[in-house]
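S.K.: I'll drop the sequence and a predicted model, then ask my questions.
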Amino acid sequence: MKSTKIKNRLRIAVYLILGLISILLLLKGTNNFNNINTLEEVSKNLSTELMGVVIVFLFVEFFFIWKNEDDEKMDRLGRYLLKVEKEEYSTVFKRKSGKYNTEFYNYFDERIRRANYDIYVTGEGFDGNSEEGRKIAENYIAAFEFALRKGVNVVRVQTKSFISVFWNEQLRLLLKKYPQNFHLYLSNNTEDRGSLCSIDCTDEINNVSEFMLSVPRTIGISQSNLAGLAVFIDRDQQLATDIKNMIYTETTNEKASVKITLNNFDIRMSNNNLYFAYGSNLLESRIKSRCPSARKLELEAFIDDYKLVFNRIGDYEKAGVASIVPALGERVYGAIYFITDKDLSELDKIEKGPEGKSYYRRKINIRTNDGQFLDCYSYLSYPTGDYKPTEKYLNWIIEGAIECNFPTNYVEYLKSIESI
């Protein structure tokens with residue numbers, strides 16, 4: 001618009017100058033026209049300067065009038081496009097006949113790939129139980145990898161700790177490959193809330209906000225939450241910023257979420273139960289004979305203000321068996337194992353005894369050497385007195401302590417316990 005006004009003013013100035021020059025040249029040539037009677041003589045008497053003026057006039061007309069019409073059209077088109085760019089609009093996807101809202105996922109992947117600055121997203125992930133679902137998940141992860149390789153900062157709040165082994169491995173891989181710009185959190189909010197996403201909220205034009213409501217669907221014999229209705233809002237910077245701030249606030253509140261790293265991934269992102277062993281089950285071969293799924297967490301674990309005791313007769317050993325009891329200033333070391341629900345039920349049968357009066361299972365707060373506090377299942381006895389363990393039983397505990405690399409003074413303490 002501004003350039004058009006400048007051109008019009010310049011054109012007027014050029015025409016005035018050309019007109020003035022033409023008048024001066026004509027006045028100059030008038031003195032020589034008194035004795036000229038033919039058109040041929042008139043043309044011969046026209047000065048070279050005047051012909052130059054005519055050529056310049058035609059040149060100016062072409063570039064400032066004909067060309068200016070095209071420029072005005074382009075200016076009008078540019079103003080229209082700028083207006084359209086600044087207008088917000090929405091895109092809605094509804095799940096149709098298929099199991100998955102494929103159009104939504106394809107569009108979402110594309111928007112993720114186009115991100116330039118940051119992505120804040122929440123969601124539970126994919127179970128990967130079907131070929132179609134696995135393919136959608138792989139494309140989704142590939143889109144994030146594309147953005148991460150460009151240096152885009154990605155903050156993801158996982159709304160469920162475990163959806164499938166397949167999905168957790170995808171998240172673990174992203175943490176391993178992009179430690180600088182992929183940030184994973186686990187929400188402590190257990191309510192199903194679909195997903196939210198904010199892409200490039202700092203970009204006035206290319207920001208995107210996404211809302212997705214999930215619906216339960218049965219696939220084969222399992223039930224999953226799938227994308228039902230999804231809405232994308234483009235170019236609403238305030239909305240994108242609000243969603244980003246909402247997600248960011250959750251990640252900075254220790255009560256609302258926990259940061260997931262490679263160090264605590266197995267603990268936080270698992271569907272298995274955490275079991276704290278302090279007695280004969282310290283020995284990995286022994287716990288695996290009872291619970292084949294058992295997998296040891298490679299961290300030193302202990303509980304403070306408790307001590308190891310032998311306060312009841314075992315169902316199988318017929319001598320003292322281990323338990324722990326509160327004792328201020330004492331510490332009991334143990335091993336943390338991941339155990340499936342099935343194996344935990346089997347362990348219940350063994351530990352509780354034939355009449356269910358030997359041990360009871362409860363959750364206790366266990367500390368690890370890297371500063372974590374974990375709620376773990378453990379078994380505490382119904383005490384009946386003070387007893388000595390058999391040498392065989394005590395050796396299981398000692399061998400397990402050595403296998404777990406417990407502090408030397410604790411191993412020596414175990415060795416000092418009297419046995420029969």
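M.R.: All right, it came through fine.

S.K.: From now on I want contacts and neighbour counts done on CA atoms only, so please keep to that.
M.R.: OK.

S.K.: Going toward the C-terminus from the longest strand along the chain, what's the next helix or strand?
M.R.: In the chain, with assignment by DSSP state E, the single longest strand is strand 320-339. Sequence-wise, the next helix or strand downstream of strand 320-339 (DSSP states H and E) is helix 341-352.

S.K.: so the following helix or strand past that following helix versus helix 341-352, what angle?
M.R.: For helix 341-352, the following helix or strand on the C-terminal side (DSSP H and E) is strand 359-368. Inter-element angle recorded for strand 359-368 and helix 341-352: 120 degrees (by axes from the mean of the first three to the mean of the last three CA atoms, to 10 degrees).

S.K.: List the buried residues of strand 359-368.
M.R.: 359, 364, 366-368 (16 or more other CA atoms under 10 Å).

S.K.: mind listing what that strand pairs with, with the direction of each?
M.R.: As defined by DSSP bridges, the strand partners of strand 359-368 come to strand 301-313 (antiparallel), strand 373-381 (antiparallel).

S.K.: could you turn that strand into CSV, dropping everything but the C-alphas?
M.R.: The C-alpha trace of strand 359-368 is given here as CSV (Å, rounded to 0.1, in the frame of the first residue of the first chain):
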residue,chain,number,x,y,z
TYR,A,359,3.5,-63.4,57.3
TYR,A,360,1.3,-60.6,56.0
ARG,A,361,2.1,-58.4,53.1
ARG,A,362,2.2,-54.6,53.4
LYS,A,363,3.7,-51.6,51.6
ILE,A,364,6.7,-49.9,53.3
ASN,A,365,8.7,-46.9,52.2
ILE,A,366,12.1,-47.9,51.0
ARG,A,367,15.1,-45.6,50.3
THR,A,368,17.7,-46.2,47.6
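
S.K.: Test my guess that residue 166 contacts residue 133.
M.R.: No. If you go by CA atoms under 8 Å, residue 166 and residue 133 don't touch, sitting 11.1 Å apart.

S.K.: Could you name every residue contacting both of the two?
M.R.: Counting by CA atoms under 8 Å, 6 or more residues apart in numbering, the shared contacts of residue 166 and residue 133 are residue 127.

S.K.: what about residue 379, how many neighbours?
M.R.: Residue 379: 24 surrounding residues under other CA atoms under 10 Å.

S.K.: Could you tell me the least trusted of the strands paired with strand 359-368?
M.R.: Lowest mean pLDDT of the strands paired with strand 359-368: strand 373-381, a mean of 91.

S.K.: residues in contact with it?
M.R.: Strand 373-381 is contacted from outside by 273-277, 311-312, 322-324, 336, 351, 358-368, using CA under 8 Å, 6+ apart.

S.K.: Mind doing that once more with 6 Å?
M.R.: By CA atoms under 6 Å, 6 or more residues apart in numbering, the surrounding residues in contact with strand 373-381 are 274-276, 323, 358-367.

S.K.: For residue 398, see how far away residue 282 is.
M.R.: Distance, residue 282 to residue 398, by CA to CA, to the nearest Å: 9 Å.

S.K.: and these two? which has more neighbours close in?
M.R.: Shown here are residue 282 and residue 398; by other CA under 10 Å, residue 282 has more neighbours (26 against 23).

S.K.: Could you find the closest non-adjacent residue to the more buried one?
M.R.: Once flanking residues are discounted, residue 282 sits nearest to residue 400: 4.6 Å by CA to CA, 6 or more residues apart in numbering.

S.K.: ok, and what's touching whichever strand or helix holds that neighbour?
M.R.: Under the criterion of DSSP H and E, residue 400 resides in helix 391-403. Helix 391-403 has contacts (CA under 6 Å, 6+ apart) with 279-280, 282-283, 419-420.

S.K.: now with 8 Å?
M.R.: Helix 391-403 has contacts (CA under 8 Å, 6+ apart) with 278-284, 317, 321, 334, 411, 414-415, 419-420.

S.K.: between it and strand 320-339, how many degrees?
M.R.: Using the same axes, to 10 degrees, the inter-axis angle of helix 391-403 relative to strand 320-339 is 40 degrees.

S.K.: now helix 391-403: mean pLDDT?
M.R.: The pLDDT scores in helix 391-403 average 94.

S.K.: got the CA positions of it in CSV?
M.R.: Provided in CSV are the C-alpha atoms of helix 391-403 (Å, rounded to 0.1, in the frame of the first residue of the first chain):
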residue,chain,number,x,y,z
GLU,A,391,22.8,-72.3,59.5
LYS,A,392,21.4,-73.1,56.0
TYR,A,393,18.8,-70.5,56.3
LEU,A,394,21.2,-67.8,57.6
ASN,A,395,23.7,-68.7,54.8
TRP,A,396,21.0,-67.9,52.2
ILE,A,397,20.7,-64.4,53.7
ILE,A,398,24.5,-63.9,53.9
GLU,A,399,25.0,-65.1,50.3
GLY,A,400,22.3,-62.8,49.1
ALA,A,401,23.8,-59.8,51.0
ILE,A,402,27.2,-60.5,49.3
GLU,A,403,25.5,-61.0,46.0
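
S.K.: how far is it from where the chain is centred?
M.R.: How far helix 391-403 lies from its chain's middle: 44 Å, per CA atoms, centre = their mean, to the nearest Å.

S.K.: do stretch 342-358 as well
M.R.: How far stretch 342-358 lies from its chain's middle: 41 Å, per CA atoms, centre = their mean.

S.K.: could you give the mean pLDDT of it?
M.R.: 88.

S.K.: what sits up against it?
M.R.: Stretch 342-358 is contacted by residues 273, 290-293, 314-315, 359-361, 379, 381-382 when judged by CA under 8 Å, 6+ apart.

S.K.: same deal with stretch 412-420?
M.R.: Contact with stretch 412-420 is made by 388-391, 394, 397-398, as judged by CA under 8 Å, 6+ apart.

S.K.: and that stretch, which residues are buried?
M.R.: Neighbour-count burial for stretch 412-420 [16+ other CA under 10 Å]: 414, 419.

S.K.: Now the terminal residues of that stretch, how far apart.
M.R.: Chord length of stretch 412-420, first to last residue, is 18 Å (CA to CA).

S.K.: Show the contacting residues for the closest residue to residue 231 other than its chain neighbours.
M.R.: Distance criterion CA to CA, 6+ apart; nearest residue to residue 231, sequence neighbours excluded, is residue 92 at 4.5 Å. Going by CA under 8 Å, 6+ apart, residue 92 touches 229-232.

S.K.: do residue 209 as well
M.R.: 196-199, 232-234, 236, 239-240, 243.
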